[in-house]
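Engineer: Below is the structure, and that's it, no one-letter string:
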C-alpha cells in the first residue's frame, strides 16, 4: 500500500503565518491573544477550501500551547501540540455537524462541556459545517453557547452563514474568510514545487490557480493530478489538455480574424475548436473573457486585473494596442446576447456562428459600409469589375499596428478615363458577369452609425424647421401608409424645439407604439442628417378621443336586429328553430 499523502494534507498550515491569503483573520486572532481579549465563541465563514477549519485548529492549538512563540504561534514541540498533531488531545473536540446534526449529538457535546480540561487552560470545541444542524439542535445549543464555563471555547465553521439562525450569530464573533487570490495560490504552489523538486511553468500554475476559483484546497487537488499525469514536470500544454481548457492562442487568433474581417478564418477556427471536443458555449465564454482582458490592458490603472503570466502579458499588450475600445465593447455585447439565447437555441452551432460572423462585420459597420455577400449559386465578380461598375465604390480600410488601432484614412478613388488603346496592346477583357448582392443590416447598426467626416464632406446640412419637419413627417406617412405606427402618427402633433422633436400624443398606449418602433426617428435623422436628433413623447389629455367618438363593438344581437329590420321573416325562422342570438 502506498504511503502517498495528498498535498492538501501534507502541506496543511500549522502556524498562523502559513495560512495563505487570510492575513486579516490571523492578525486579529493574534492581537486578541496578545491583549487577552479572546471571545468564547467564534464563527468562521467563507467559501470552501480557504482555511476556515485550518485556522480553527491552529487557534485551538495555540490556546493550550505551553511554550508559545513571541508572535503567538504554537511551538509544535510541547506535549499539548504533539498530542494534537497526533489526534490524541483530550482538550480539543471536533464535531462534523453534517453527519452529527441531531439534538442528541448536541446534548452529548454540552455534557462534555461540564468537565474541566485535564491538561492546559482551555477546552476547545470545533464544530464544522455548523449550518447543517437542525432547528432543534440549534435551540438546544443556545444556552451553552451564550453562557459557557470560563475554560470553554467554541469555534464554528460554515460555508453558508445565511442558514444559521440569528440567535446563534449574535452570540459569536464572526470572521469572514475571503477567496484566495490567484497570485497567492501561485506563490504557494511554487513553494511546494521547490520542496518536491518539481519543475512547473508559470503559465501552467496560472491555469491551475484560475481553475481553482479562489479555493486553495482545489488548487492543491489539481496540482496533485497534474503531478500524477506528468511526473516531475508540469507544462502549460499538459495542464490545458487535462483540465479541458482552451488554449489562449485560439482567442488571439479569433480577435485577429475580427480585426482583419476574415469570416472564413473565423469559421474554420470555430470548427477546429469543435473538432477537439469543446462545447460551443465554452469557446464563446472564453472569447468574452479574452476580450475583457484586452480592455483591461487599455488602462494602466486596470492592469492589475490581468491574471496571466509574463509571457502572455506581452502578447496581450500587443493585441490590445491595435484593438479599438469601441470594437471590443461591441464584441462583448454580441457575445452576451448570444450567451443569453444559447440555452433556447435549437441549432447551437449555427447560433454561435451567426454571432461570430457579426463580430467580423463590426468594423465595416463602424465605417458605415454595407457588408456585401454574393447571392447563392452566383460567382463573385472580380474587384476591378466591381469598382468600374459602381458609381461610388467604398474604399477598403486596412488594420495597421503602428497607428494604435485607429482606422487608416481611406484613399479617395481616382476617376478612370477611357484612354485609347495603344497599338499592339492586348485587348481589354470583357467584364465579368454581374451577380445579385444582398446587404446585411447587422441589426440596424449601419443605419444608426453615421460618420462625422462624411457629414462634413456632404456640404451644408438640410434646414430643420417646423415646415421641413412636417414635410418629412408626411413623407414617412406616405411611405408607411397602413402600418400601426402611421395610424398612430395621424393622431399625434409634432413640434420642433432646437434639436428635439416633441410629439404630443393622446394616450400611453400610443406612446408605447412609438417607443417600440425606431423607424420614425431613424427616418428623421437620415432626412436632416442629424444623428443626434431625439424624439420626446408627451401625453396630452386634450388629444384623447371623446366617448361619443369611440366606436362600440358590434355584438351578435346588433347584427340580428339589423338583419331583422331589413327582413322581418328572419324572426319567424328564429322562433321555428328556437334560436337565441340576442343572448
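Structural biologist: Good, I have the coordinates. This one's a predicted model, so the numbers in the text were calculated from it and none came from an experiment.

Engineer: burial count for residue 22?
Structural biologist: By the criterion of other CB atoms under 10 Å, residue 22 has 25 neighbours. Placement of C-beta: from N, CA and C, glycine included.

Engineer: contacting residues for the residue positioned nearest the centre of the chain?
Structural biologist: Closest to where the C-alpha atoms of the chain average out (CA atoms, centre = their mean) is residue 336, at 6.9 Å. By CB atoms under 8 Å, 6 or more residues apart in numbering, the residues touching residue 336 are residue 288.

Engineer: What helix or strand is it located in?
Structural biologist: If you go by DSSP states H and E, residue 336 is part of helix 325-342.

Engineer: Quickly note the distance from residue 327 to residue 235.
Structural biologist: From residue 327 across to residue 235, the span is 34 Å (CB to CB, to the nearest Å).

Engineer: Which helix or strand contains residue 127?
Structural biologist: According to DSSP H and E, residue 127 maps onto strand 123-128.

Engineer: neighbouring contacts of the helix or strand following that strand?
Structural biologist: Next helix or strand after strand 123-128 toward the C-terminus (DSSP H and E): helix 135-146. The contact list for helix 135-146, computed with CB under 8 Å, 6+ apart, reads 41, 101-103, 105-107, 109-110, 113, 133, 154, 164-165, 167-168, 171-172.

Engineer: pLDDT of helix 135-146, averaged?
Structural biologist: With pLDDT averaged residue by residue, helix 135-146 scores 88.

Engineer: Give the buried residues for that helix.
Structural biologist: 137-138, 140-141, 144-145 (16 or more other CB atoms under 10 Å).

Engineer: Show me what the next helix or strand after that helix packs onto, helices and strands only.
Structural biologist: Counting by DSSP H and E, the next helix or strand C-terminal to helix 135-146 is strand 152-158. If you count contacts as 3 or more CB pairs under 8 Å, 6 or more residues apart in numbering; DSSP states H and E, strand 152-158 packs onto strand 41-45, helix 52-64, strand 123-128.

Engineer: show me what contacts the closest residue to residue 232 other than its chain neighbours?
Structural biologist: Leaving aside its sequence neighbours, residue 232 sits nearest to residue 198 (CB to CB, 6 or more residues apart in numbering; 5.4 Å). The contact partners of residue 198, taken as CB under 8 Å, 6+ apart, are 192, 227, 232-234.

Engineer: how about 7 Å then?
Structural biologist: Residue 198 makes contacts with 227, 232, 234, as judged by CB atoms under 7 Å, 6 or more residues apart in numbering.

Engineer: Could you check how far it is from residue 208?
Structural biologist: 12 Å.

Engineer: Then residue 116?
Structural biologist: Look at residue 116 and residue 208: by CB to CB, they are 47 Å apart.

Engineer: neighbour-wise, which of the two wins?
Structural biologist: The neighbour count for residue 116 versus residue 208, taken as other CB under 10 Å, is higher for residue 208 (25 against 12).

Engineer: didn't that one look like it was pressed against residue 224?
Structural biologist: No. In this structure, residue 208 is not within contact of residue 224 by CB atoms under 7 Å, at 10.6 Å.

Engineer: Give me the below-cutoff pLDDT ranges for the stretch 301-450 of the chain.
Structural biologist: The model of the stretch 301-450 of the chain has pLDDT under 70 over residues 366-450.

Engineer: can we see that at 50?
Structural biologist: In the predicted model of the stretch 301-450 of the chain, residues 370-443, 445-450 satisfy pLDDT under 50.

Engineer: ok, now the chain?
Structural biologist: In the chain (pLDDT under 50), the answer is 1, 370-443, 445-458, 548.

Engineer: Could you chop it up by domain?
Structural biologist: 11-176, 182-242, 248-366, 466-543 (automatic domain parsing).

Engineer: Pull the distance from the shortest one to the chain's centre.
Structural biologist: Offset of domain 182-242 from its chain centre (CA atoms, centre = their mean, to the nearest Å): 26 Å.

Engineer: roughly how far apart are the closest residue to residue 212 other than its chain neighbours and residue 193?
Structural biologist: In this structure, residue 212 finds its nearest non-sequential neighbour in residue 219, 3.6 Å apart by CB to CB, 6+ apart. Applying CB to CB, the value for residue 219 to residue 193 is 13 Å.

Engineer: neighbour count winner among those two?
Structural biologist: Taking residue 219 and residue 193 together and counting by other CB under 10 Å, residue 219 has the greater number of neighbours (28 against 17).

Engineer: before we move on, what SS does the more buried one have?
Structural biologist: At residue 219 the chain is in helix, as set by DSSP: H, G, I helix; E, B strand; the rest coil.

Engineer: hang on, it packs against residue 185?
Structural biologist: Yes. At 4.9 Å, residue 219 and residue 185 qualify as touching, with contact defined as CB under 7 Å.

Engineer: What about residue 464, how many residues nearby?
Structural biologist: That count, for residue 464 with other CB under 10 Å as the rule, works out to 19.

Engineer: In terms of packing, which of residue 327 and residue 235 has more residues around it?
Structural biologist: Between residue 327 and residue 235, counted using other CB under 10 Å, the more crowded position is residue 327 (21 against 15).
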